[in-house]
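K.L.:
mind looking at a prediction? Sequence and model below.
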Amino acid sequence: MSEDVVGRRGVYEGADGHGGVLRLPRHVDPQLDGTRLASHHPQRYRVDLPADSVEQADFDALLEATIPREVLARTEQVLQEARRLAGQGLADTPPIDAASWRRGILLSWLHARDLAVILDALGHPRDVANVHDVEEFALGKRLKERLGSADPWYRDWVLSLPDEARINVGFFNPHLAASMFKWGDAKSGVQNAMDAHRLAAHHVGTPEAPLEWMERAANFVVHHIPREHLGIRHEPRGAWSDLEQRLKEDSAINRSEVGQQIARDAAHLAALLEREGKIIPWQLLRVPTGVQPQQVEHAMLVLRARRHEAAAALQADASAASEAEGGVQLDGFDALVEKALRVFERVPEAIAVESSSRPHLATLYKGWLEELASGGARIV
């Protein structure tokens, strides 16, 4: 597409966040055009229920009823193979809650289907259903080029890949399925699967599949507000009114004028599509108030990573290390760590809830609290 193309409603134009200026055609003004370019998509969900009225178990069942059997079967195969590979040291250990892991992969498949609808509504159709986040490819040599801090299983696997082999960097790769779910979008610490996944065109792209800003900005809206409840970022559903704050503070988009312009249109259209039942109607979900296992596990990974970073910094500075009598203090790092600390403030509450129904989780949480306390983290 020529950078000089002007769409029916003008252009998206400005800094791309990477030192350049980008022009993309704007085909739709949501206030004038609505979702007419997505009119061919069916209504998949009932929307005649009050907002915030459907409990999560019922809501998840509503979503799963729209997923083809072959996708459900493939998800089970991926989970089974991921467990086998973990036992062989060729994949990360499975998440602590199998049901959340399965749900996360299914949500990613549904997200890809929804994204195709949103991109159609924007007038920028892209073949992302069955692809985005689940089956996206990069050459083996690209994974090797990004191989930095990594666990042994990931390093061994990546180094075994042929340079020209096309490698799935999405959830349907059983080598990556556990690590990708557990680590989510936390950019600190050992990356493993997320390091591979960021080669996708909606993140940083590759020479073979360059960065695609329409998909990236629309993806940002769903994942970073987030609308998706306890999805890849392990955060509860947010409100549409949160968008501007996310655009201002999130490093994934806050330096890209073009990305922000697209995101505003994508959010407006996605809100309409939710109400039409053409994409997941997140507005119907009654957001649970309790802390879920995936949130606790993700928070623990974040805090471990930051403690490791801080310890390394202190080790490099002997004088600073000698003053750190109370151990490494985790509070005072960035917003990601603050979120993790807030999760752990509620872990005693989660222990009480899980003690009777899932005592193994309660025991695990107690051990994590002790681990953090021994490192000097002020949690409770």
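P.N.:
Structure received. Residues are numbered from 1 along each chain as shown.
K.L.:
so which residue is dead centre in the chain?
P.N.:
Most central in the chain under C-alpha atoms, centre = their mean is residue 232, positioned 3.2 Å from the mean C-alpha point.
K.L.:
so it sits right up against residue 133, yeah?
P.N.:
Yes: Residue 232 sits in contact with residue 133 when judged by C-beta atoms under 8 Å, with a separation of 7.4 Å. (Each C-beta comes from the backbone N, C-alpha and C, glycine too.)
K.L.:
which residues in the stretch 151-300 of the chain form strands?
P.N.:
Assigned by DSSP state E, counting those that start in this stretch, the strands in the stretch 151-300 of the chain fall at 166-168.
K.L.:
give me the phi and psi for residue 66.
P.N.:
Dihedral pair for residue 66: phi -100, psi 0, per degrees, to the nearest 10.
K.L.:
so what's it up against?
P.N.:
Residues in contact with residue 66 (C-beta atoms under 8 Å, 6 or more residues apart in numbering) are 44, 45, 110.
K.L.:
so how do I select the buried members of those in PyMOL?
P.N.:
Burial among these is assessed by 16 or more other C-beta atoms under 10 Å; the matching PyMOL selection reads:
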select buried, resi 44+45+110
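K.L.:
overlap in contacts, residue 232 and residue 133.
P.N.:
Contacts common to residue 232 and residue 133, judged by C-beta under 8 Å, 6+ apart, are residue 108.
K.L.:
how about the contacts made by residue 152?
P.N.:
Neighbour list for residue 152: residue 89 [criterion: C-beta under 8 Å, 6+ apart].
K.L.:
name the nearest residue to residue 154, sequence neighbours excluded.
P.N.:
residue 192 (4.3 Å; C-beta to C-beta, 6 or more residues apart in numbering).
K.L.:
need the contact list for the one you found.
P.N.:
92, 150, 151, 153, 154, 176, 179, 183.
K.L.:
how about 10 Å then?
P.N.:
Residues near residue 192 by C-beta atoms under 10 Å, 6 or more residues apart in numbering: 91-92, 149-151, 153-155, 157-158, 175-176, 178-180, 182-183.
K.L.:
hang on, the earlier thing: state the phi and psi torsions of the residue nearest to the centre of the chain.
P.N.:
Here residue 232 shows phi and psi, under degrees, to the nearest 10, equal to phi -60, psi -30.
K.L.:
that one and residue 199, how far apart?
P.N.:
Residue 232 sits at a distance of 16 Å from residue 199 (criterion: C-beta to C-beta, to the nearest Å).
K.L.:
wait, isn't the residue nearest to the centre of the chain in contact with residue 109?
P.N.:
No: assessed by C-beta atoms under 10 Å, residue 232 is found out of contact with residue 109, at 12.0 Å.
K.L.:
show me the shaky parts of the stretch 101-250 of the chain.
P.N.:
184-189 (pLDDT under 70).
K.L.:
just the helices in it please.
P.N.:
Residue ranges of the helices in the stretch 101-250 of the chain, as given by DSSP state H, counting those that start in this stretch, are 140-145, 152-159, 177-183, 193-197, 213-224, 243-249.
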